[in-house]
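J.: I'll drop the sequence and a predicted model, then ask my questions.
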Amino acid sequence: MKKAKRKTLVFPNRMYVFVIPALILFVIFWIVPVLQLFYYSVTNFNGINSDYDYVGFKNYLTLLKDGSMINAIKNTLIYAVVVVVLNNLLGLVIAMALNVKLKGKALFRTVSYIPALFSAIVVGFIWSYVYMPDSGMIASVMKAVGLDGSSFNVLGNYKTALYAIAMVEVWKGFGSTMIIYLAGLQTVDDSLLEAGKIDGCSEWQLIRKIKLPLISATVTINVILAVIGGLKAFDYSFIMTNGGPGKSTNTLMFSIYRIAFNDQMMGKASAFSVAAFAVIILITVFMLFYMNKREVEL
């Protein structure tokens, strides 16, 4: 008994050898930068000079008065809603379509997931060509069917540019969403579906009454991931439109980047980053509680 007890006491100590290196990296590359972010948010640091002053909450107050920042928040929320809704709808529909006995479904699954493997910069350049007026892929297809492809300029139109880059995010992300939904659907017991069919349930009733309630945890995961991804929108605003035309694709993260590196107002950018961090945490926590409540109701 003593020998066995000694082993159980020594084993946990050995585990620290594996945990400590990862913990050190986490502290250096995450905790320390976050603490510095809070510190610089109450200064007028410009990112270069070491001579800066403490300004208190002045940077935070400018957030409420800055019209461009309010516009960026509005754009980010619209972007997030489009991404969350379309990403989940498309991922769920394709997952259900592929969760049947279908010849070549492994190929369809692979093809659906391929966009998720590309980096954002590659995807951005691909879709910049697709959206290109006159000589882009969509414009060329329009010409081939007798339509005026030269008038197709979604990235150059301030009314459509934000939705156009949101669709790129959906195209890249729906494959990952589909895989998660597919994993959830494969846990649904076939006997429940067979019982539903015997009771006269239609396919829609099987989805609504059996499948969706049983994969509610999967829905929660995908919605939360899409919300976080939508609120962190930066890549395609930077790569495809540079925040334009005007400020129509100027998202919250892109605004913070512009303030920090173009305007060299690192203190102000830090304050806005803290505010963005708080907003993302609040929205994510709210969505998590709401979705968990929906799981219980289902």
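T.: That came through fine.

J.: quick one: the closest residue in space to Val168 that isn't next to it in sequence and Met137, what's the gap?
T.: Nearest non-adjacent residue to Val168, counting by C-beta to C-beta, 6 or more residues apart in numbering: Trp127, 4.6 Å away. Where you see a C-beta, it was placed from the backbone N, CA and C, and this is true even at glycine. Separation of Trp127 from Met137 (C-beta to C-beta, to the nearest Å): 9 Å.

J.: kindly report the same for Ala260.
T.: Taking C-beta to C-beta, one finds Ala260 at 35 Å from Met137.

J.: kindly report the same for Tyr163.
T.: Distance of Tyr163 to Met137, given as C-beta to C-beta: 18 Å.

J.: which SS class is the residue nearest the centre of the chain?
T.: Centroid-nearest residue in the chain: Gly229, 1.4 Å away (criterion: C-alpha atoms, centre = their mean). When classified by DSSP: H, G, I helix; E, B strand; the rest coil, Gly229 comes out as helix.

J.: more crowded one of Trp127 and Met137?
T.: Trp127 (24 against 14; other C-beta atoms under 10 Å).

J.: can you tell me the helix or strand for that one?
T.: helix 120-131 (DSSP states H and E).

J.: which SSE is the residue nearest to Lys247 when sequence neighbours are not counted in?
T.: Leaving aside its sequence neighbours, Lys247 sits nearest to Asn71 (C-beta to C-beta, 6+ apart; 5.8 Å). Asn71 is part of helix 67-98 when elements are defined by DSSP H and E.

J.: and Ala22, how many neighbours?
T.: Ala22 has 9 nearby residues by other C-beta under 10 Å.

J.: which residues touch the nearest residue to Phe57 once chain neighbours are set aside?
T.: Among residues not flanking Phe57 along the chain, Val42 sits closest, at 6.8 Å (C-beta to C-beta, 6+ apart). Val42 makes contacts with Tyr54, Val55, Gly56, Phe57, Asn59, Gly267, Ala271, as judged by C-beta atoms under 8 Å, 6 or more residues apart in numbering.

J.: relative to Trp171, how far out is Val42?
T.: Distance from Val42 to Trp171, by C-beta to C-beta: 41 Å.

J.: next structured bit after the helix or strand bottoming out on mean pLDDT in the chain?
T.: Ranked by mean pLDDT, DSSP states H and E, the weakest helix or strand in the chain is helix 2-26, scoring a mean of 69. Next helix or strand after helix 2-26 toward the C-terminus (DSSP H and E): helix 32-40.

J.: verify the stated contact: Thr218 with Ala183.
T.: Yes: counting by C-beta atoms under 8 Å, Ala183 is a contact partner of Thr218 at 7.2 Å.

J.: neighbour count winner among these two?
T.: Thr218 (20 against 14).

J.: list the buried ones in stretch 53-60?
T.: Buried residues in stretch 53-60, counted by 16 or more other C-beta atoms under 10 Å: Val55, Asn59, Tyr60.

J.: pLDDT weak spots in the protein?
T.: Along the chain, segments meeting pLDDT under 70 span 1-12, 295-298.

J.: can I get the CA coordinates of stretch 209-219 in CSV?
T.: Extracted in CSV, the C-alpha atoms of stretch 209-219 (Å, rounded to 0.1, in the frame of the first residue of the first chain):
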residue,chain,number,x,y,z
LYS,A,209,-38.2,17.3,-33.4
ILE,A,210,-35.4,14.8,-33.2
LYS,A,211,-32.2,15.9,-35.0
LEU,A,212,-31.9,19.5,-33.9
PRO,A,213,-32.7,18.9,-30.2
LEU,A,214,-30.1,16.1,-30.2
ILE,A,215,-27.4,18.2,-31.7
SER,A,216,-28.2,21.4,-29.7
ALA,A,217,-24.7,21.3,-28.1
THR,A,218,-23.2,21.2,-31.6
VAL,A,219,-25.3,24.2,-32.7
